[in-house]
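Chemist: coords please:
(2 chains)
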Amino acid sequence: MAESIKLTINGHPVSVAADGTMPLLSVLREELNLRGSKFGCGTEQCGACMVLIDGKPEYSCSREVASVTGRSVITVEGLSKNGELHPLQQALLDEQAGQCGYCLSGILISAAALLAKNPAPSRANIIAALDPHLCRCGIHNRVIRAVQKAGAVLASAKP
Amino acid sequence: MISNTLPQSLIDNPILSQWIAFEEKGRVRVGSGKVEIGQGILTALTQIAAEELDLRAEQINLVSGQTDVSPAEGFTSGSYSVAVGGASIRLVCAEVRALFIDRVAEKMRCSPGELTIEDGKFLRSGKDTGRDYWSMAGEIGLERRATGTAPVKRPSSYKIVGKHLPRLDLPAKVMGAGFIHDIVSQNILHARLLRQPWRGAHLAALDENAVRKAARTPIDILREGEFVAFTSDSEVAVMRAAEAARAFAKWNGGAPPPSDVGTPDWLKAQPSRDKTTDAGLPGRVSNGPVIEASYSRPFLTYGSIATSCALAEFENGALKVWSHSQGPAVLRDWLARALGLPAAQVNVFHRQGAGAYGHNTADDAAFDASFIAMRHPGRTVRVQWPREDEFAAAPISPAMAIKLRAALDADNRPADWSIEIWSPPHAQRPGMNGNSNLLGAEALPNFPPQKELNDVPDERGGGATRNGVAIYDLPSHRLIHHLLPLVPMRTSSLRGLGAWANVFAIESFMDELAESAGEDPVSYRLSLLSDPRPRRVVETAARMSRWFEQRDLGEGRALGFGFARYKNIASFAAVVVEIEVEEEIQLKKIWCAADAGLVIAPDGARNQLEGGIIQGASFVMREQVRHEDGRVANKTWEDYPILRFSDIPEIEIELIDNPNEPTLGLGEASVGPAGAAIGNALARALGKRIRDLPLTRERIMATLLAE
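Modeler: Down below sits the predicted model:
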């Protein structure tokens, strides 16, 4: 059943020998050892597994890997560049926006997609972008502040 | 002053070397049996140790929940971690510091008062002596009993405690790392289980061929009694097998709960063990009006965002287990018993999972992995639970029914007060009541019959009775506890246990009494609070929310108030919510004032209080576990909605500065007041009260239509 599936992950071309019906999340975690994206529910209801597919936040837990052939996937590992944190990651630390932290990988992905479109999002914009994500510890307001802060950093970094 | 009586953790682990070691130059290993469950405990304990030892925070290597080297401290629960675990570390570190200072003074022939410590180096009158903890460690035996008599630092001199130290575990987590789920091993054997749908269920039929076919990759099936596990080198194969098996399995026997399980009528009809506790002036008679009201909450689940995970390795008769258990030492003991191994041959390593908020399936997953590992020596067996099993087979937080009654005096104040509570026990963690309470162990043949269930004893804060005694000035108080020990589910501890339901009932009732007296609910509470400390908390929340300014909030809007002191001995918290109601509750703004005594990690404290408010709001607005055909009917997050980003308003928190009072546990303090405040706001907005939780759209619509 294994086939060779070619796609781009975090900017690098990758070829995986995998059953094309495997969930993308399992391929990322088990085959490629990218363990940043998390399993939470397996039914696209909690957002812990969120990745960017061609720049758009998508659930990876039940998405068949064959469906991303030839496409670009970014995981939380792909947000930091050359060991330097993405402004969103830094802002989460600055705001101490975490308790258990399990939801953060997915939230970072949706927030990065939002800021790429709109570096100065309102509270309502951020809520709309992050509403697919469940957090049980109650760090929502800290995350919203961190996203606003990271947006300001990204905007000021642009020439 | 901070008291120097020995905390329980130090009584249980009395030898200094159980807590501290100077093995690596420049670093000190400090042990803790308390574990990180998202509450920031590792950071707070590091602050305490660094403060007392005069070290920098990064010089502390806190080893938490590793059973061969960390002290055994029971469970990380009940907001005890800083108050008890932290107090123990403070006393140990102060005593070790004093032992070193005395020894250096003796060597230098100077008085101990001339010596100070900086980053672990001893200074005499500010000058380096060339000696440090590590060069002196060989001369000081720490194999001695802690006395708890060494002076601890004064809060006014603190340099690290009470100041902001960023969470030590967050840098890894924003990179997507740091969880038990992420441990990689070359030799992993993946496993998933088929769980019994109710306690005692017998697997009447399972089409193993169909399960193998569904897995698509070869799997092994391990069956002993009702313990059924699927193993494979491929994780996807065992995930598919478990999903298929759940659909194909036919069960009978055991004790499937009825569909109306947990309703107030059902609870009150169950066999009970009853206990009445009176306080104050018994038999005080009042000729005033009597007010009564009954409240209830349904069964709930803890709902972590991660599912539970464990790894285990069995080699040469020794078992290593990696688990996010809240009680690694207790887990070790009960794994050993259930598996027939000497406890010394079992070592549990705590690794972080998602937030726990109560007794979750971490211990069950640890048993699953261990049992399978013993049949596959040399392999690292990894188990991760499917989401559906988390809803279906996790310990369940008890449904409760609560009745309040007050006979009023001539001033409309309660002359006689009673509370009656019906609830199954909130206590079936591993080892409680002498039962292993490990799901996998219960599925094995010849599993011993369950021993009689009790609730958490009152001296540990109680379970169903937690916060059952109202904190107000009440001349006569009666508490009647109907413990329902035969409820067939594995009822156990969720954040706050019975506290938040009791606080919801008591604080709703306070509003009802105020209303009957025609008084403002906050003023009414203040008239029953003579102690200045809780008064200040109530007054602070009222000021923050401009409670007394009689603002015009607009149609369908209202403020609500809730207040409690968690367990009546931990932190005080008052919460005000502003809501708008059309068909359902929309939270508009929340204010919280809290007094936690000496706060070790102020930002962590705010984070915990805010998280507790959101969880408390979610409990009362949305959450309910339902049963159909003997099984849990909630299978996904759609069936068990929790609050989301779009439900959560801005929250303002004020920590009342009280550094000369002992540290009070605060992890659970805001949950009850937040829920109560929402119930009270809803009653004010609707002009009618809903006393059964959750406060869903359906109930609100039914209440509106009933008019």
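Chemist: which stretches of the stretch 401-550 of chain B form helices?
Modeler: B:439-442, B:499-517, B:521-526, B:532-544 (DSSP state H, counting those that start in this stretch).
Chemist: Reformat those into JSON lines and put distance to chain A next to each item.
Modeler: The C-beta positions use only the backbone N, C-alpha and C, and glycine is treated the same way. JSON lines is the format used below for the helices of the stretch 401-550 of chain B (distance: least, Cβ to the nearest Cβ, whole Å):
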{"stretch": "helix B:439-442", "distance to chain A": "20"}
{"stretch": "helix B:499-517", "distance to chain A": "14"}
{"stretch": "helix B:521-526", "distance to chain A": "25"}
{"stretch": "helix B:532-544", "distance to chain A": "16"}
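Chemist: Go through these and pick out the most buried.
Modeler: helix B:499-517 (a mean of 25; mean count of other Cβ atoms under 10 Å in any protein chain shown).
Chemist: per-residue confidence for the closest residue to B:A564 other than its chain neighbours?
Modeler: Nearest residue to B:A564 in three dimensions, chain neighbours excluded: B:V503, at 4.4 Å (Cβ to Cβ, 6 or more residues apart in numbering or on different chains). What the model reports for B:V503 is a pLDDT of 98.
Chemist: okay, now the residue of chain A found nearest chain B: neighbour count?
Modeler: Distance from chain B to each residue of chain A (Cβ to the nearest Cβ) is smallest for A:G36, at 2.5 Å. Using other Cβ atoms under 10 Å in any protein chain shown, A:G36 has 25 other residues around it.
Chemist: Spatially central residue for chain A, please.
Modeler: Among the residues of chain A, the one closest to the centroid is A:I109, at 2.6 Å (Cα atoms, centre = their mean).
Chemist: ok so, going back, ok, and the residue of chain A closest to chain B, which helix or strand is that part of?
Modeler: Following DSSP states H and E, one finds A:G36 outside all helices and strands.
Chemist: Same check on A:C135?
Modeler: Going by DSSP H and E, A:C135 is not part of any helix or strand.
Chemist: now B:L189
Modeler: In this assignment (DSSP H and E), B:L189 forms part of strand B:188-194.
Chemist: Count the residues that sit near the closest residue to chain A within the stretch 51-200 of chain B.
Modeler: With Cβ to the nearest Cβ, the shortest gap between the stretch 51-200 of chain B and chain A falls at B:G176, namely 2.5 Å. Using other Cβ under 10 Å, the number of residues around B:G176 comes to 26.
Chemist: what sits up against the longest helix seen in chain A?
Modeler: If you go by DSSP state H, chain A has its longest helix at helix A:140-157. By Cβ atoms under 8 Å, 6 or more residues apart in numbering or on different chains, the surrounding residues in contact with helix A:140-157 are A:86-88, A:90-92, A:94-98, A:107, A:111, A:114-115, A:118-121, A:123, A:126-127, A:130, A:135, B:607, B:610, B:614, B:645, B:648, B:650-651.
Chemist: I'd like the average pLDDT over that helix.
Modeler: Averaging pLDDT along helix A:140-157 gives 95.
Chemist: Packing partners of the longest helix anywhere in chain B?
Modeler: In chain B, with assignment by DSSP H, the single longest helix is helix B:87-108. On a contact count with 3 or more Cβ pairs under 8 Å, 6 or more residues apart in numbering or on different chains; DSSP states H and E, helix B:87-108 meets helix B:8-12, strand B:20-24, strand B:27-32, helix B:41-53, strand B:115-118, strand B:121-124, strand B:127-132, helix B:133-136.
Chemist: Tell me the helix or strand right after the last one.
Modeler: Just to be clear, that refers to helix B:133-136. For helix B:133-136, the succeeding helix or strand toward the C-terminus, using DSSP H and E, is helix B:170-173.
Chemist: partners of B:A593 in the sheet?
Modeler: B:A574, B:E654 (DSSP bridges).
Chemist: ok, it to B:L528 distance?
Modeler: 18 Å (Cβ to Cβ, to the nearest Å).
Chemist: Those two: which is more packed in?
Modeler: B:A593 (28 against 16).
Chemist: Now for that one: which residues touch it?
Modeler: Contacts of B:A593 by Cβ under 8 Å, 6+ apart are B:V537, B:V538, B:T540, B:A541, B:M544, B:A573, B:A574, B:I653, B:E654, B:I656.
Chemist: Pull up the gap between the closest residue to the fourth one other than its chain neighbours and B:A558, please.
Modeler: By that I understand B:A541. Distance criterion Cβ to Cβ, 6+ apart; nearest residue to B:A541, sequence neighbours excluded, is B:A574 at 3.7 Å. Noted for B:A574: a distance of 17 Å to B:A558, by Cβ to Cβ.
Chemist: Same question for A:Y59.
Modeler: 38 Å.
Chemist: Between these two, which is the more surrounded one?
Modeler: A:Y59 (25 against 20).
Chemist: Surely the more buried one is in contact with A:M50?
Modeler: Yes. Counting by Cβ atoms under 8 Å, A:Y59 does reach A:M50; the two are 6.3 Å apart.
Chemist: For chain A, just list every one of the strands.
Modeler: A:2-9, A:12-19, A:51-53, A:56-58, A:72-74 (DSSP state E).
Chemist: Can you say which of those is nearest to B:A318?
Modeler: Among the strands of chain A, the nearest to B:A318 by Cβ to Cβ is strand A:12-19 (35.8 Å).
Chemist: Restricting to C-alpha, output the closest one in PDB.
Modeler: Extracted in PDB, the C-alpha atoms of strand A:12-19 (Å, rounded to 0.1, in the frame of the first residue of the first chain):
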ATOM      1  CA  HIS A  12      12.000  21.400   2.200                       C
ATOM      2  CA  PRO A  13      11.000  19.000  -0.500                       C
ATOM      3  CA  VAL A  14      10.200  15.600   1.100                       C
ATOM      4  CA  SER A  15       9.300  12.200  -0.300                       C
ATOM      5  CA  VAL A  16       7.600   9.900   2.100                       C
ATOM      6  CA  ALA A  17       6.800   6.200   1.600                       C
ATOM      7  CA  ALA A  18       3.400   5.900   3.100                       C
ATOM      8  CA  ASP A  19      -0.100   4.600   2.700                       C
END
